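Asks: here is a sequence together with a model predicted from it:
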Amino acid sequence: MIRGRAWKYGDNVNTDVLFPGKYTYTAKGRDEIASHALEDLDPDFASNVGVGDVIVGGRNFGCGSSREQAATCLVYNGVSAVIAESFARIFYRNAINNGLLAIVCPEAAQAIQGQEYVSVDLEGRVIECASGRFAFPPLSATVQEILEAGGLVEQVKRRLASARSAS
Amino acid sequence: MGKHSTTQKTVSEADSGGKEAQTFAQKALARAAGCETVEVGEVVDVRPDVVLSHDNTAAIREIWQQFGLEQVVIPEKLAITLDHAVPAPTTRHAQNHAEIREFVQEQGIRHFFEVGRGICHQVLSEEALVLPGQTILGADSHTPHFGWLGAFGAGIGRSEVAALWATGELWLRVPESIRIVLEGELPKGVTAKDFALRIIGDWGADGGLYSSVEFSGSGVGALSIDSRMALANMMAEFGAKSSYIPPDGETRSYLKSALERRETREKDAGTVEDRSPGIAESQLFPDEGAMYGAIYSYNADDLEPTVSCPHTVDNVAPLSAVAGTVVQQAFIGTCTNGRLEDLAEAAEMVQGRQVAAGTRLLVIPASSLVLQEALERGYIQALVAAGAAIGTPGCGPCMGNHMGVPATGEVTISSANRNFRGRMGTTEAEIYLASSAVVAASAVAGRIADPRDIL
Ligand code: SF4
């Protein structure tokens, strides 16, 4: 069960506001990457976000660049999930690949108010906030497998290990 | 009104053996996955023909090192360019480049392109490293660019590239497809960029979300190769996973001379490699009657110069609505519009004129080849004579790294693809997107201007 405060933003939250392009080839390490999260959209975010908090967005969340820091900067700040009406595809993959839950649930994304507490029951596939409970569709088997492994890198490590022991 | 939306689904009938007709995306991913056919929505493990990375290669290497492998399993498929922050603006950027060179050396990566060669999508196109019907996955969101030649190109993240280096394969979901038809020939002063901005304006920045955007029609066939690249490239801003323009005689002859150029160079260097399958043999075309989630039809005569206003790409307006807006910077370049055709339009516009006082014009050719040809044809001379600053082939200030970032409060008109708030470095700047002709006209006028009024 995930429970955290909601940080709510609108439609088309793009990768440049999630993690500015000027840092993409030089920022290194969790702390430096975490410190620039949402810098150009909500300068208060990085210093106030708490472990387990949830980001809520509108349509096309994460559009723009393929930069993976747009997802990892959230992970490094302790964000547990992003709930949106829809996701841009590369951001969605980057989130899942880094163990960040990305849930498509337009009803919840609209209902949740900024700064209220939200809980996500992954097994029951339900999001709960002050105004109600919202069901979300199952994640694909591929996505589940990656999340269960703890991200893509861990999944690939497992695969390589089992290929090695088979040969 | 040129917009006709028909959200119609065409189901196949009399195709071979009663098999359902396939879109381009289905055919390309079936080939890459080694299957006979694939269904829309199905998740398949694909083995791409080319894996692209750029200045992010050092960061990918760091992820890859966690796998504890000595060797990349597909070194011949890697293509690496230094383009995003070149020449290195700071010591940290230089360090990043140095790590990439070390990796290239240690892994024996053949397709490595140094600082100054140009932007990844342009360079790989000029080198014919991707052929029709092939699949390229790139750690860059504009990888749908390769739709210009009828290849399947999709952007992926850094961890995914690392996974490909380690295993050679990656999962992809077979996307739904949208068909966009353009009939007729673009009027003078109207470009493929205007068409792309019109599409994005009509259907929104997420109008093509997750889809394979497959073009057809006489108007697309009439586009030059440079224009096809601009159109396919811009589909990244439409949310598309990939794009597709049917290859034709022009595509094949472009690729043929590109391959010859590469062969000559490699022969000189003694590094000739086996040629991939023939250009014509590898082409793929969607079946007649394939299923499309939507079909959008446009008539070229109805299109006009179009501008994307701050701060989202789908905030489009006809040029006439924003003409007169004062600009401090005009930028021609990027993987969308930094090609020979763009420089030709710009040179024609500034010929015998000067960049307006209070405005600066920055021109960054997309590649060294573009720069060379522009020199041979006198375009660069004309631009410099008019007061333009010329930059090293590469991404320039497109993503706010260096070399032409605006000051706070300034307005830039740019031939790039993104105008997100903060894209060029500061959130306190405004970016308008347009064709190179409009950018050049605006540089001369000192305000957003219609090229047709100046010529
Ligand atoms: S020119 Fe701009 S959009 Fe194109 S690859 Fe470079 S940074 Fe990305």
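Replies: Here it is on my side, so go on. Being a predicted model, the structure only gives us computed values, none of them experimental.
Asks: for the closest residue to B:His402 other than its chain neighbours, what are its contacts?
Replies: With sequence-adjacent residues excluded and distances taken as C-beta to C-beta, 6 or more residues apart in numbering or on different chains, B:His402 is closest to B:Pro89, at 3.8 Å. The C-beta positions use only the backbone N, C-alpha and C, and glycine is treated the same way. Listed by C-beta atoms under 8 Å, 6 or more residues apart in numbering or on different chains, the contact partners of B:Pro89 are B:401-403.
Asks: now do B:Val213
Replies: B:144, B:147, B:177-178, B:180, B:235, B:238, B:240, B:242-244.
Asks: now it, what's its secondary structure?
Replies: strand (DSSP: H, G, I helix; E, B strand; the rest coil).
Asks: what bridges to it?
Replies: Following DSSP bridges, B:Val213 is listed with bridge partners B:Ile178, B:Ser243.
Asks: how close does the residue nearest to B:His402 get to B:Thr392?
Replies: 11 Å (C-beta to C-beta, to the nearest Å).
Asks: pLDDT score for B:Thr271?
Replies: For B:Thr271, the model assigns a pLDDT of 65.
Asks: what number of residues lie near residue 80?
Replies: By default, I'm working from chain A. Neighbour count for A:Ser80, taken as other C-beta atoms under 10 Å in any protein chain shown: 19.
Asks: hm, I was asking about chain B
Replies: Neighbours of B:Ile80 (other C-beta under 10 Å): 26.
Asks: on that earlier part again, can I get the contacts of B:Pro89 in a markdown table with neighbour count?
Replies: Formatted as a markdown table, these follow (neighbours: other C-beta atoms under 10 Å in any protein chain shown):
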| residue | neighbour count |
| --- | --- |
| B:Asn401 | 27 |
| B:His402 | 21 |
| B:Met403 | 20 |
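Asks: and A:Gly114, how many neighbours does it have?
Replies: A:Gly114 has 10 nearby residues by other C-beta under 10 Å.
Asks: quick check: it is in a strand.
Replies: No. A:Gly114 is assigned coil when assessed by three-state DSSP, not a strand.
Asks: looking at it, it is touching A:Lys8, isn't it?
Replies: Yes. Using C-beta atoms under 8 Å, A:Gly114 is in contact with A:Lys8, at 3.8 Å.
Asks: any common contacting residues for the two?
Replies: Taking C-beta under 8 Å, 6+ apart as the contact rule, A:Gly114 and A:Lys8 both touch A:Val56.
Asks: and chain A, which residues reach chain B?
Replies: Residues of chain A lying close to chain B (C-beta under 8 Å from any C-beta of the partner chain) are A:12, A:14, A:16-17, A:20-22, A:24-26, A:40, A:59-60, A:63-68, A:71, A:86, A:88-90, A:93-94, A:97-98, A:140-142, A:151-153, A:156-157, A:159-160.
Asks: dead centre of chain B: give me the residue that sits there.
Replies: B:Asn233 (3.1 Å; C-alpha atoms, centre = their mean).
Asks: check which element follows the one helix or strand B:Leu371 maps to along the chain.
Replies: According to DSSP states H and E, B:Leu371 maps onto helix B:368-376. Counting by DSSP H and E, the next helix or strand C-terminal to helix B:368-376 is helix B:379-385.
Asks: tell me the mean pLDDT for that next one?
Replies: Helix B:379-385 shows a mean pLDDT of 98.
Asks: hang on, isn't B:Gly219 packed against B:Asp301?
Replies: No. B:Gly219 is not in contact with B:Asp301 according to C-beta under 8 Å; the separation is 9.6 Å.
Asks: neighbour count: those two, which is higher?
Replies: Just comparing B:Gly219 and B:Asp301: by other C-beta under 10 Å the higher neighbour count belongs to B:Gly219, 21 against 14.
Asks: and that one, what does it touch?
Replies: Taking C-beta under 8 Å, 6+ apart, one finds B:182-186, B:298-300 in contact with B:Gly219.
Asks: before we move on, the earlier item: so the residue nearest to the residue nearest to the centre of chain B when sequence neighbours are not counted, which state does it fall into?
Replies: Closest residue to B:Asn233 apart from its sequence neighbours, by C-beta to C-beta, 6+ apart: B:His145 at 4.2 Å. Following three-state DSSP, the label given to B:His145 is helix.
Asks: next up, the contacts around B:His145.
Replies: Counted by C-beta under 8 Å, 6+ apart, B:His145 has contacts B:121, B:125, B:153, B:229, B:232-233, B:236, B:335.
Asks: widest-spaced pair of these?
Replies: B:Ser125 and B:Ala236 (15.1 Å; C-beta to C-beta).
Asks: more neighbours: these two, which one.
Replies: B:Ala236 (34 against 29).
Asks: that one and B:Pro305, how far apart?
Replies: 22 Å.
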